[in-house]
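Peer 1: need the 3D shape of this:
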Amino acid sequence: MSKSADHGRPDSTPEAAPAAQAAPSPSHAERCRTLAQRARAATLCTLARDPAGYPYGSLVTVAVDAHGRPLLLLSALAEHTGNLKSRAEASLLVAEPAEGRADPLALGRMTLIGPCRPLEAAEAAAARTTFLAAHPRASYYVDFTDFSFYRLDPVSIRYVGGFGRMSWVDAADYAAAEPDPLAPDAARILEHMNTDHADAVLAYAKALAGIKDATGATMTSVDRYGFELDVITPAGPKAARLAFGAPVSTSDEVRKAMVALVREARGRSA
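Peer 2: Reported below is the predicted structural model:
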């Protein structure tokens, strides 16, 4: 079920400023792995038995294994479990947390497609450890006899990262990709930059992204390769992406990279 896939970077939206178009960014496979790693809930779609053949969507809790495969702890009493016992074909919709963003269609999301089957005892034991690390409260019912671990094995993934950013991601590329190491700290980094260093963010837009008439700028995302900006100009909003000097993996490395870019921006403006 392999389809045309995104194989890497650079990745830019149609509205991006020309100076930002060459900035490296995560591949769609990396973005999908990051979404999966952060996911704690998702929409599971199975094939209904009654009325037969219709997609049946339900909310489930989820964790992922080392290959990005979703792990589900399902009750035998649930409708979706009965559907899976009849037919294993399924999909799982995972969406980026809103975190205060106004437009849900601007959020990243993916649909993993593949068979979803119960795990044998040895694999279930490993899944139990992974799942409970993500969902400690599941310890209250994980050993109930009517609960079992299932795993969805993706054969293809559809990724939508907001307007103008979408593709089919090959399952092998997805399995080989690494989640972004900054994802757990990204919201805090963005709040800090936009609240405490708004002048630096505007300097990035003017001096580094080349949007000289910028009157305001907001940092909207950050990852190991760089960050993205929404920029306000008299002619209307623009988007830009800027790269770090080298990939980063910790908050401290982000801080150092941001300071270096501030110095560069101020040097260009002098």
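
Peer 1: check the gap between the residue nearest to Ala48 when sequence neighbours are not counted and Ser86 for me.
Peer 2: Distance criterion C-beta to C-beta, 6 or more residues apart in numbering; nearest residue to Ala48, sequence neighbours excluded, is Tyr56 at 4.1 Å. Placement of C-beta: from N, CA and C, glycine included. Distance of Tyr56 to Ser86, given as C-beta to C-beta, to the nearest Å: 11 Å.

Peer 1: again, but for His135
Peer 2: On the measure of C-beta to C-beta, His135 and Ser86 end up 26 Å apart.

Peer 1: verify the stated contact: the residue nearest to Ala48 with His80.
Peer 2: Yes: Tyr56 is within contact range of His80, at 6.4 Å (criterion: C-beta atoms under 8 Å).

Peer 1: who's more crowded, the two?
Peer 2: Taking neighbours as other C-beta atoms under 10 Å, Tyr56 and His80 compare with His80 leading, 23 against 18.

Peer 1: just to be sure, that one is in a helix?
Peer 2: Yes: under DSSP: H, G, I helix; E, B strand; the rest coil, His80 falls within a helix.

Peer 1: one step back: overlap in contacts of Tyr56 and Ser86?
Peer 2: Counting by C-beta atoms under 8 Å, 6 or more residues apart in numbering, the residues touching both Tyr56 and Ser86 are Leu47.

Peer 1: would you confirm that Val262 contacts Val201?
Peer 2: No: the criterion here is C-beta under 8 Å, and Val262 misses it with Val201 at 9.5 Å.

Peer 1: Val222 against Asp180, yeah?
Peer 2: No: the pair Val222 and Asp180 fails to qualify as a contact (C-beta under 8 Å) at a distance of 9.0 Å.

Peer 1: okay, and the common contacts of the two?
Peer 2: Residues touching both Val222 and Asp180 (C-beta under 8 Å, 6+ apart): Ala186.

Peer 1: any idea how far the closest residue to Gly162 other than its chain neighbours is from Val231?
Peer 2: The shortest distance from Gly162 to any non-neighbouring residue, by C-beta to C-beta, 6+ apart, is to Ala106 (4.5 Å). Ala106 is 16 Å from Val231, where distance means C-beta to C-beta.

Peer 1: before we move on, what about Asn194?
Peer 2: When distance is defined by C-beta to C-beta, Asn194 is 13 Å away from Val231.

Peer 1: ok, the two, which is more surrounded?
Peer 2: Neighbours were counted for Asn194 and for Val231 using other C-beta under 10 Å; Val231 has more, 25 against 14.

Peer 1: just read off the phi/psi values of that one.
Peer 2: Listed backbone geometry of Val231 is phi -120, psi 130, with angles given as degrees, to the nearest 10.

Peer 1: tell me who's in contact with it.
Peer 2: So Val231 contacts 17, 205, 209, 211, 214, 216-217, 237-240 (C-beta under 8 Å, 6+ apart).
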